[in-house]
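>>> Coordinates for the following, if possible.
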Amino acid sequence: MSSKEKTVASRLSREDGTNKTYNGLLERPGPLSSKKKKYTRDIFTLALAFGYENNIRTPLVIKDNFANKENFGEDLPSLINALAITKTDKGIDILGETPSDIYKVAEEYANGGLDYLNSEYLSGADEFIETLRIKILDLNKDDRIINKLKELDL
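Predicted coordinates:
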């Protein structure tokens, strides 16, 4: 693998031109503001969750390699691996076999969820955060998410 390929493989991509949306969310007053120590990686993670939750997966047409995967810490890889395994009416469906395939799925969900996140946040930041907090608490009743990740050895 060439050094250019290693660099691309170690970075997450977003759709070229979406930096205006990312920056708009960070510049707006509210809980996602950069003044509250929020960063592009936080917006990416929320967009990923929104894309997945709402089944909005949009392939990247022109990639912008914007962030080193290591900048996301340990939480994002766990989330990405968990989202790459979905339950269907036929059982378990693996959306990606290799790390690059799994990250591609995550990038597509984040790409699809970004506009939805932006419109929801624009409609009322405080209500948005409270609704999100309630959803997370509901999803993680009895540590279901953490236990499932442990079962899957992720």
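>>> Can you pull the phi and psi angles for residue 62?
Here is the backbone geometry of residue 62 (degrees, to the nearest 10): phi -120, psi 110.
>>> mind checking how far residue 36 is from residue 133?
Here the criterion is Cβ to Cβ, to the nearest Å. By it, residue 36 lies 15 Å from residue 133. Placement of C-beta: from N, CA and C, glycine included.
>>> In this structure, where is pLDDT below threshold?
Using pLDDT under 70 as the threshold, the predicted model of the chain has low-confidence ranges 1-9, 86-97, 125, 136-154.
>>> which ones are touching the residue nearest the centre of it?
Nearest to the centroid of the C-alpha atoms of the chain, with distances taken as Cα atoms, centre = their mean, sits residue 48, at 2.5 Å. Applying Cβ atoms under 8 Å, 6 or more residues apart in numbering, we find residue 48 in contact with 79-80, 83, 106, 109-110, 113.
>>> Buried residues in the longest helix belonging to the chain, which are they?
Among the elements of the chain assigned as helix by DSSP state H, the one spanning the most residues is helix 99-122. If you call a residue buried by 16 or more other Cβ atoms under 10 Å, then helix 99-122 has these buried ones: 102-115, 117-118, 120-121.
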